[in-house]
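S.K.: I would like the atomic coordinates for the input below:
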Amino acid sequence: MMRALAMAALLAAPAMAQTPEPEDYREDDYRAPVPATLNGATVVDAEAAHALWEAGGVAFIDVLPRAPKPDKLPEGTIWREKPRLSIPGAIWLPNVGYGRIADVTDAYFRTGLETATGGDENQPVLFFCLEDCWMSWNAAKRALEYGYTDVYWLPEGTDGWTFFDYPVEELQPEPEG
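M.R.: Residues are numbered from 1 along each chain as shown. Here you go, the predicted structure:
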């Protein structure tokens, strides 16, 4: 009960309520308070997302950006990416949530959505990243513009998901091209 109350308090935080929904994509400061709405999409909290996950039939799309390999690593340095622990069964489409994306990233996103939905634009899709991450807001908005009709957005991302101790698994990014 205390966890639910604490999460409700987080959801009602003034910063989120005061962040207006922009008309276009967010193009900077991607880790900042997000709006409480996304025109055309259904905004869900972690508990509602979990219910959708348990019921099945919704494609979960993780859009957390992939950390780039640092430039100028000393020769012989071993680079290991941080594992992405995410919602089981989700598809990870990194880097598709930026405000502006290259044509190759746009094609990657469209292909990933087609894979996740079997090419059915009426198939429900749920977008997430981390809490206060505009990447998922941008990606969900972009999916709506692509013609997807049943779009969910989880602003709490995996932070909210793991707050309730819901299961996670390590994901690998969907292959490009």
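
S.K.: how long is stretch 24-42 from one end to the other?
M.R.: 18 Å (CA to CA, to the nearest Å).

S.K.: what mean pLDDT does that stretch have?
M.R.: On average, the pLDDT along stretch 24-42 is 93.

S.K.: buried ones in that stretch, by neighbour count?
M.R.: Buried residues in stretch 24-42, counted by 16 or more other CB atoms under 10 Å: 25, 26, 30, 33, 34, 35, 36, 38, 41. For glycine as for every other residue, the C-beta is placed from the backbone atoms N, C-alpha and C.

S.K.: then stretch 140-147?
M.R.: For stretch 140-147, by 16+ other CB under 10 Å, it's 140, 141, 142, 143, 144.

S.K.: I'd like the average pLDDT over it.
M.R.: 98.

S.K.: can you check stretch 109-122 too?
M.R.: When pLDDT is averaged over stretch 109-122, the result is 97.

S.K.: restricting to C-alpha, output that stretch in CSV.
M.R.: Extracted in CSV, the C-alpha atoms of stretch 109-122 (Å, rounded to 0.1, in the frame of the first residue of the first chain):
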residue,chain,number,x,y,z
PHE,A,109,12.1,2.3,-36.5
ARG,A,110,9.5,1.6,-39.2
THR,A,111,10.9,-1.9,-39.7
GLY,A,112,11.0,-2.6,-36.0
LEU,A,113,7.4,-1.5,-35.6
GLU,A,114,6.3,-3.7,-38.5
THR,A,115,8.1,-6.6,-36.9
ALA,A,116,6.5,-6.0,-33.5
THR,A,117,3.0,-5.6,-34.9
GLY,A,118,3.1,-8.0,-37.8
GLY,A,119,2.6,-4.9,-40.1
ASP,A,120,-0.8,-4.1,-38.4
GLU,A,121,-1.1,-0.4,-37.6
ASN,A,122,-4.1,-1.2,-35.4
